[in-house]
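> I need the structure of the sequence given here:
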Amino acid sequence: MTDDLVYKALADEGRRALLDSLFAKDGQTLRELEACLNQMTRFGVMKHLRVLEDANLVVTERRGREKLHFLNPAPIGELYDRWVGKYAQPHLRVVSGLKTSLETRTMTETKVNTHIIQTYIRATPDSVWQALIDPDMTEKYYFGTRVVTDLNPGTPFRYVDQKGDIMIDGEVLESDPPNKLVVTFRHKWDDEPVDGGTVTYELTQMDDVTKLRLTHVGLPEGHPLVQETFNGWSYILAGLKTLIETGQVLESQS
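Residues are numbered from 1 along each chain as shown. Just a heads-up that it's a prediction; the model follows:
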């Protein structure tokens, strides 16, 4: 994904309005998004969405007959890391506006938060998979924690800090190397552990790059850790991409 596509997508006022609308409420249908550009035809809105999708700023997911649109913060985070982060104080990198995108929907009378981040990494799926499950690598991009797992369904999937404390406790639900990994997610770093639903990693080979799509579903709506977690995902994936492509660690994680 080139910077030029992102800059082009952000240059148009209408496309920025669509992103603002998804910032306020993620997971919208085309009909809902038309409301923020009511002076434009449906065809015009679809053209703008296509440009945003080509720039990877919007990702889509079908649920039944509906096609939902999600704001993807990864390209903004990557631009920030390249052009701003190296000049800023480390603590500013984490809170620099990496977008918290939440979808609040009613599913069997339960409200669920869904967050989707999609990034493209110049590496093979095998290399990206290895970075996800190798503790020596996760320590370099996952805020100093080491992953503990044997990848067998029903066994633990944990991130442990340097003192041996469990920061995230989970369980492997599905493992299909190097294509798909589904795990549960439970916060342990706060005073009160919080069940955080499931995290799905999907890896797809696309010529000389791998598309990594992360979907996190199920954090309790309104909990203060929701924003912290989703901002963290943006930065974790930026660190993962940087480590694989350059061998370097993002400055504020070094």
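
> residue boundaries of the helices in the stretch 1-150 of the chain?
Counting by DSSP state H, counting those that start in this stretch, the stretch 1-150 of the chain forms helices over residues 3-10, 13-24, 30-34, 42-54, 74-83, 90-94, 125-133, 135-141, given from the N-terminal end onward.

> Who does the closest residue to L19 other than its chain neighbours form a beta bridge with?
Leaving aside its sequence neighbours, L19 sits nearest to L71 (C-beta to C-beta, 6 or more residues apart in numbering; 6.0 Å). Placement of C-beta: from N, CA and C, glycine included. Here L71 shows beta-bridge partners V58, assigned using DSSP bridges.

> what's the neighbour count on L71?
For L71, the tally of surrounding residues (other C-beta atoms under 10 Å) stands at 26.

> Let me see the confidence value for it.
At L71, the predicted lDDT confidence score is 88.

> how far away is it from N56?
With distances defined as C-beta to C-beta, to the nearest Å, the gap from L71 to N56 amounts to 11 Å.

> Kindly report the same for N38.
26 Å.

> Which one's more surrounded, the two?
Taking neighbours as other C-beta under 10 Å, N38 and N56 compare with N56 leading, 20 against 7.

> OK, contacts around that one?
Neighbouring residues of N56 by C-beta atoms under 8 Å, 6 or more residues apart in numbering: 1, 5-6, 72, 74-75, 118-120.

> Format the helices of the stretch 1-150 of the chain as TSV; extra columns: mean pLDDT.
Formatted as TSV, the helices of the stretch 1-150 of the chain follow (pLDDT from 0 to 100):
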stretch	mean pLDDT
helix 3-10	87
helix 13-24	90
helix 30-34	93
helix 42-54	92
helix 74-83	71
helix 90-94	39
helix 125-133	98
helix 135-141	97
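
> Which of these sits closest to P178?
Distances from P178 to each of those were compared using C-beta to C-beta; the shortest belongs to helix 125-133, at 3.5 Å.

> tell me what that closest one is packed against?
Helix 125-133 sits against helix 135-141, strand 146-149, strand 180-187, strand 194-206, strand 209-219, helix 225-246, with contacts defined as 3 or more C-beta pairs under 8 Å, 6 or more residues apart in numbering; DSSP states H and E.

> one more time with 10 Å, if that's ok
If contacts are counted by 3 or more C-beta pairs under 10 Å, 6 or more residues apart in numbering; DSSP states H and E, helix 125-133 sits against strand 110-121, helix 135-141, strand 146-149, strand 172-176, strand 180-187, strand 194-206, strand 209-219, helix 225-246.

> Just tell me which of these ends up closest to L22.
Closest among these, once you apply C-beta to C-beta, is strand 110-121, at 11.0 Å.

> So the residue nearest the centre of the chain versus N72, what's the distance?
When C-alpha atoms, centre = their mean is applied to the chain, the residue found nearest the centroid is I117 (2.7 Å). For I117, the distance to N72 equals 6 Å [C-beta to C-beta].
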